[in-house]
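Trainee: Sequence and predicted structure are below.
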Amino acid sequence: MAERFSERPATACLSVVMPCYNEAATLEAAIKQVLGSPLVGELIVVDDGSSDDSATIAESVQDQRISVVRQPANRGKGAALRRGFELATRPFVIIQDADLEYDPADWPHVVEPLLDGRADVVFGSRFLGTGPHRVLYFWHYVGNRVLTMVSNMVTNLNLSDMETCTKAFRREVIQSIDLREDRFGFEPEVTAKVAAGGWRVYEVGVSYSGRTYAEGKKIGAADGVRAVWCMVRYATPVVRRRRDRQRNGGRGGT
């Protein structure tokens, strides 16, 4: 598998979109990890109205592959991602948070189905594979499982980790999807719309080093409630349209 990957013209195929809000403690290290990958053609850091030195830290990095966008106010992860997706120019786009929870060392395996032409979208699952995983909150684990199960019920996908940060797309796919959620509702929304578009979805196991709330974790119970609402809002009508297209033998974007 590794030999087949190394033989392909994969170098610098990725646009990395990194949303950032008050991540001064980890941002420099996260950027260094990303730029250390030979797959990275560009890194787009979208500072979401941080009140700390995050934007200044990102702008101080001397690398021609990095660009920094400052949102005028804090709008949320989804809004930051939309801005980054608009600016992406490489064949594939991948999401990377600025908090060191996910490791770019997993990317060769994540992008392989894209490079092979088998996939349009790849989810990096924290619940598959044998990579190291930090042990943290039981109820977060249960919540992720429940949200993924509900998402699968309404999208007819069989994902193991809908809420994962690591999502990679063919650039044309993610730029064709009309995204609207400003906060963490991005995850169920993009999953629903990928399903509705009939895009080919793969999952690959990734390692995970979760952080505690004391270390800066931001997602909470209210975001879980919003996720369920997003599933009802986005998945039900778009999956109905997907089924109509399948009856007619068609497929496409949202």
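Mentor: Okay, I see it.
Trainee: With adjacent residues omitted, what lies nearest to G185?
Mentor: Spatial nearest neighbour of G185, excluding adjacent residues (Cβ to Cβ, 6 or more residues apart in numbering): C230 at 4.2 Å. Where C-beta positions appear, they are placed from N, C-alpha and C, glycine not excepted.
Trainee: number of nearby residues for the one you found?
Mentor: 26 (other Cβ atoms under 10 Å).
Trainee: hang on, isn't it packed against E181?
Mentor: Yes - C230 lies in contact with E181 (Cβ atoms under 8 Å); the separation is 6.2 Å.
Trainee: between the two, what contacts are shared?
Mentor: Residues touching both C230 and E181 (Cβ atoms under 8 Å, 6 or more residues apart in numbering): E189.
Trainee: what's near enough to touch the residue nearest to R171 when sequence neighbours are not counted?
Mentor: Leaving aside its chain neighbours, R171 sits nearest to V93 (5.2 Å; criterion: Cβ to Cβ, 6+ apart). Applying Cβ under 8 Å, 6+ apart, we find V93 in contact with L14, S15, V16, V17, F85, A168, F169, R170, R171, I174.
Trainee: Need the three-state assignment for V93.
Mentor: With DSSP: H, G, I helix; E, B strand; the rest coil as the basis, V93 sits in strand.
Trainee: Would you state the helices of this protein in chain order?
Mentor: 2-7, 27-35, 54-59, 77-87, 107-115, 138-155, 171-176, 186-196, 221-230, 236-247 (DSSP state H).
Trainee: of all these, which lies closest to S207?
Mentor: S207 lies closest to helix 107-115 among the helices of the chain, at 10.6 Å (Cβ to Cβ).
Trainee: Determine how far the closest one lies from the middle of the whole chain.
Mentor: Taking Cα atoms, centre = their mean, to the nearest Å, one finds helix 107-115 lying 14 Å from the centre of the chain it belongs to.
Trainee: Could you check the angle that helix makes with helix 27-35?
Mentor: Angle of helix 107-115 versus helix 27-35, following axes from the mean of the first three to the mean of the last three Cα atoms, to 10 degrees, is 50 degrees.
Trainee: What is helix 107-115 packed up against?
Mentor: Contacts defined by 3 or more Cβ pairs under 8 Å, 6 or more residues apart in numbering; DSSP states H and E place helix 107-115 against helix 2-7, strand 92-95, strand 121-125, strand 167-170, strand 201-205.
Trainee: strand partners of the second one, parallel vs antiparallel please.
Mentor: Pointing back at strand 92-95 there. On the basis of DSSP bridges, the sheet neighbours of strand 92-95 come out as strand 14-20 (parallel), strand 167-170 (antiparallel).
Trainee: Which residues does the shortest one contact?
Mentor: The contact list for strand 167-170, computed with Cβ under 8 Å, 6+ apart, reads 14, 91-95, 107, 110-111, 114, 120-124, 190.
Trainee: wait, doesn't Y208 sit right on G124?
Mentor: No - applying Cβ under 8 Å, one finds Y208 not in contact with G124, separated by 9.0 Å.
Trainee: follow-up on the earlier one: can you say which of the strands paired with strand 92-95 is nearest to D103?
Mentor: strand 14-20 (13.1 Å).
Trainee: pLDDT weak spots in the stretch 151-254 of the chain?
Mentor: 210-227, 235-246, 249-254 (pLDDT under 70).
Trainee: what sits against the closest residue to D106 other than its chain neighbours?
Mentor: Excluding the flanking residues, the one nearest D106 by Cβ to Cβ, 6+ apart is V206, at 4.3 Å. V206 makes contact with Y102, D103, D106, H109, V110, G124, S125, R126, G129, G131, T164, T166 under the criterion Cβ under 8 Å, 6+ apart.
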